[in-house]
Every structure is written in C-alpha cells, then in structure tokens.
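K.L.:
no FASTA, just this:
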C-alpha cells in the first residue's frame, strides 16, 4: 500500500439512505482513477455490501478517519462532470433551505443514461460580476419572447448561455417553439415528459458544452454546469414552478441561488407578478414594469354579473352572440374540469353553446383534450372553452371577448394562495383579450364584486391587487412574512419529535392531522434562518421517516 501522505481522498455525496444531513462520506481515489476523477464526477462506491451512485463534492480532502479504514471508489461513471464549484455552492445552499439531502438535488441535474467516461471538456467559468435580478412586469399586449431573444442574443455574443423556464412544456407552447426555432443548433430542450434517452442526450449536450441555450419546464433550471449568463423564468407567478414531489424545490428560488453562486442574471417575467416576488422588491429584486397608462390603454372593459340559474348568465350569452356576429372570437374560462354542484364542466358547457350558437365552431382547451389533440386546431375555433391549465397557451391575436364563469369558486378555494391564484388566472384571461388589438370586453360571473381581486381586474391594475394582498397577509401573519413548513411523518409522530419541534424558536406547530404517508404537521415559523439548521438535523436524525416541504404550494 502506498504511503498515506501520497494518497488522494474524495468526499462523495452518496445516493443512499444515511443518517446525515448531506449524506457525504470520504473515500480513497484508487491509482487507476487518479487524474480522471474530478469535482462533479459521477462515481460508484461500495456501501453496505453494494455499490451506490455518488458524486464527487470534494477532492484532495483531509480526513479524520484512519486512511487504512477507508475504501476505494469503485468506478467512474458518466461522460464527464455535471457540476463545478459554483453550482455546487448553490446546491448546498438549496439543500440547506429545502431540508433535503444533497444527493437528491444532484440527481436532478444528472442524466439517466450515463454513457462511458470520455475526456471532459475543459472550460473556465468567466469572470463576471453577479448579475441583476429583475422582476419584469411586461404589458398585457406585449409578446415577451422578443425580449427573451434580445437577452439570449447578447449572452451568446458574450460567449455565455441562457436558461429559459416555462410553467409547462406543451405542444405548441409559444415560448418553447420560439426559442427552438430561433436557436436550432444551440438549444437543448429539457422537460419531465421526455424519453430518458432524449433527456439524457440534452443534459450531456449541456454538460459537454455542445449547447448553450436551455429551454424547458421547471426542471430545466437544474441544467448541469455551463457558462450561463441569464436565467429567465417565464410567467413567474405560475404555481407549477413549485415541484410537488421531493425534493420540493421552487424554480424561482433555484434561479436566484444560481445567480448568487454563478454570477448570472435572473429575469422573473410576468404580466401579473407573484405576491412573493413583489414583496422581495425592497431587497433582492429590481422592478422593471410597463407603465400603468400603457396597461390601462390596452386593458379590456370588465363587467361584473351575478350568477344566475342555468350554466351561463344571460349577459354572458349575449356577449357570445354579439362577438360572433362581429366575426370575432370569444374565450370562456371554467375553473373546473368536470361538472360539480357549482356548475357545468367543459363538456356540458360545449353542449349548451352548441344549442345557443349552433353554427359556431366550438373548441375545448382543457388538459385532457390538449394532451390528445392539437392546440392550433382549438385556437382556430370561434368559441374557445378553456380551463386554467390551458390558459397559459392562449395567444390567439383575435380574441375579442372573455367570460369567466364561477369566479367565486376560485376566490374561496382553501389555502393561503386562493386570491393570488385567482387573480393570476383572471389576469391571463384579460391579457388574452388584450392581444386582440381593439378594446375588448371581459365578463366576470361573481357575487364578490368588492373583492380586491375583482377590483384590480376592473381597474386593470396588478399593482393594486399586490398592494392589498400584501397588506392583508401582513395583518394575518401569512407568507411571505412568515415561513410555512409541511412535515409528512410516517406513522404517528412520537413525543420526542413533537417536543423537539415545539422547542424550535418562533415556531407554532399545527397538527398532526392525517396525511399522505401517515401524519402531517404544519410549522409556522417567524424567522426561517433561526430554525433551518436545528430542523434539518431533526429531520435527518429522526428514526421516523419525515418528508419536509418548505413553502408549501397552498401557502
């Protein structure tokens, strides 16, 4: 055995259940792998009688363990490293804030199909100053793609790249299609519905510097290390940027963490910015907003009508007929995907409209129909019946009127985000009408005409909604002015766990109630910074299985 002073040791984040926060162990680098194993390499290591996947998170490290007791890294996997020191720094920060083991995050940027090791591409991260973090509120009639292209063009000219994240990658998605068409040789598309081979190729093309423009859903923000200059989050208000499986990351938080570590800029873009991002304006974010006068000049006339017996209020029916007579399109929004006591679903509404306007072409834009059919065909209809899931992709330039049915069902949903989600959905309806060119009209079916969501829509003022919502959340002690953390505990939480949670500073423990894997607890935390370390240790060391979710989607 060679002298221990000449041996090389590596810290490996091991993809195996371990009772440690980061799940990092020290291994010896065998002579056959010396010079080939580097930071960010994917390896296989022996643990508990089997081989597990791991990632090199430290090289040439000192060890307090007797070297003779350490075992060798077994093999090198993958075509090359998938992260560098800067990206690793961001991932460590996220691991801490998400109360999630580091390997769970490293897995998100690792291709499923590793391939054989090759000589990795050598590159140095450019010396760039930390970029701006901008909340861009674009006008409702504005096509944000043009600004995205300007940003990407500038970055490519600088020898840098860009990441563009959209809420969901769908057939005919305007932003995704636009980026792919404009940068056909530079773009890598990454999303969760890809075949593993296709997704793996895209991720390796990024890691090996073959592609410099990444576009996809929320997971695209976990692209492997490359010289990224800008990260763009399109429709940043959309709740689908929050992952609903562990690790429970939010693409916006990941983008900001990468910006701090890698020196890139972040553009959070939306015509109706989220409350959370608006509340950050005094700190990490700068505002770049379209003038209110510009928004109001394009904003449709909004009418409020009470619900009536029957599937559609008479005023809404009259607007459909009037719009069709003018040879223009009308969009009807439903907050549900099936018939309920609150009203009809898309199928029932289409049957009703076929009786009212029998000669009109009526198309359904709900998730099930769009997954099976073509968005372009639906957009060519005279009357478009849409649910919230499809509204993101409504970009037809000739929609003259919009009707929102069952608005009260949106406003009274359980959870702390009901008003914000309702406003974002209804603002999308208004922007769809804005793109029709001439001054359009919108009808809202609601009994809550004085609600600040409805008032903001009638005024065409997203700032009014955010200021009122922020004021109400401050008074209620709700996020983002406190932190919510959901813990799912396998079985019934024991007394020791409850005592440890109750001892956390500034923390109220709500529950337990019945949950998905046993019991569910909700922690209301005054200062997240005060509890993140002790709570992380509680989760990691508990004999009970605990899934932790910071900032739950319904808050």
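P.N.:
Everything's here; your move. Here the structure is a predicted model, which is why all the values come from computation and not from measurement. Numbers count the residues shown, from 1 in each chain.

K.L.:
shouldn't residue 277 be in contact with residue 285?
P.N.:
Yes. Here residue 277 lies in contact with residue 285, judged by CB atoms under 8 Å, at a distance of 6.2 Å. Bear in mind the C-beta positions are built from the backbone N, C-alpha and C, glycine included.

K.L.:
who touches both of those two?
P.N.:
Here residue 277 and residue 285 share the contacting residues 135, 268, scored by CB atoms under 8 Å, 6 or more residues apart in numbering.

K.L.:
look at these two and report which has more neighbours.
P.N.:
Neighbours were tallied for residue 277 and for residue 285 using other CB atoms under 10 Å; the higher tally belongs to residue 277 (23 against 20).

K.L.:
doesn't the more buried one belong to a helix?
P.N.:
Yes. Looking at residue 277 with DSSP: H, G, I helix; E, B strand; the rest coil, it is inside a helix.

K.L.:
what's near enough to touch it?
P.N.:
Contact analysis of residue 277 by CB under 8 Å, 6+ apart lists 135, 236, 237, 252, 268, 270, 285.

K.L.:
who's in contact with the closest residue in space to the fifth one that isn't next to it in sequence?
P.N.:
Translated: residue 268. Once flanking residues are discounted, residue 268 sits nearest to residue 236: 4.0 Å by CB to CB, 6 or more residues apart in numbering. Applying CB under 8 Å, 6+ apart, we find residue 236 in contact with 135, 252, 268, 269, 270, 273, 274, 277.

K.L.:
residue 236 falls within a helix, correct?
P.N.:
No. Residue 236 is assigned coil when assessed by three-state DSSP, not a helix.

K.L.:
quick one: the helix or strand where residue 455 lies to chain centroid distance?
P.N.:
Under the assignment given by DSSP states H and E, the secondary-structure element containing residue 455 is helix 452-459. Distance of helix 452-459 from its chain centroid, counting by CA atoms, centre = their mean, to the nearest Å, is 26 Å.

K.L.:
again, but for stretch 63-74
P.N.:
In this view, stretch 63-74 has its centroid 40 Å away from the chain centroid, taken as CA atoms, centre = their mean.

K.L.:
contacting residues around it?
P.N.:
Where contact means CB under 8 Å, 6+ apart, the residues beyond stretch 63-74 that reach it are 1, 4, 7, 9-10, 12, 26-30, 33, 37, 43-46, 51, 54.

K.L.:
looking at those residues, which are in helices?
P.N.:
Secondary structure defined by DSSP state H assigns none of the contacts of stretch 63-74 to helices.

K.L.:
just the buried residues of the residues you listed.
P.N.:
Among the contacts of stretch 63-74, those classed as buried by neighbour count (16 or more other CB atoms under 10 Å) are 7, 9-10, 12, 26-29, 33, 37, 43-45, 54.

K.L.:
look up the closest residue to residue 505, ignoring the ones flanking it.
P.N.:
The spatially closest residue to residue 505, leaving aside those adjacent along the chain, is residue 530, at 4.8 Å (CB to CB, 6+ apart).

K.L.:
surely the one you found is in contact with residue 506?
P.N.:
Yes. The pair residue 530 and residue 506 passes the contact test of CB under 8 Å, sitting 6.0 Å apart.

K.L.:
ok, residue 346 touching residue 385?
P.N.:
Yes. With contacts defined as CB under 8 Å, residue 346 counts as touching residue 385 at a distance of 5.1 Å.

K.L.:
quick revisit: save the buried ones among the contacts of stretch 63-74 as TSV, and put in distance to residue 434 and pLDDT too.
P.N.:
Listed next are the buried ones among the contacts of stretch 63-74 as TSV, based on distance: CB to CB, whole Å; pLDDT from 0 to 100:
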residue	distance to residue 434	pLDDT
7	66	83
9	61	92
10	56	94
12	53	96
26	59	93
27	58	95
28	63	93
29	60	94
33	59	93
37	55	93
43	53	97
44	55	97
45	56	97
54	51	97
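
K.L.:
farthest pair in these?
P.N.:
The two members of the buried ones among the contacts of stretch 63-74 with the most space between them (CB to CB) are 7 and 44, at 19.5 Å.

K.L.:
what's the domain layout of the protein?
P.N.:
4-109, 133-290, 295-476, 483-550 (automatic domain parsing).

K.L.:
so who does residue 301 touch?
P.N.:
Residue 301 makes contact with 439, 440, 441, 442 under the criterion CB under 8 Å, 6+ apart.

K.L.:
how about residue 204?
P.N.:
Residues in contact with residue 204 (CB under 8 Å, 6+ apart) are 79, 80, 111, 115, 210.

K.L.:
does it lie in a helix or a strand, and which?
P.N.:
Secondary structure from DSSP H and E places residue 204 in helix 196-207.

K.L.:
all set now, cheers.
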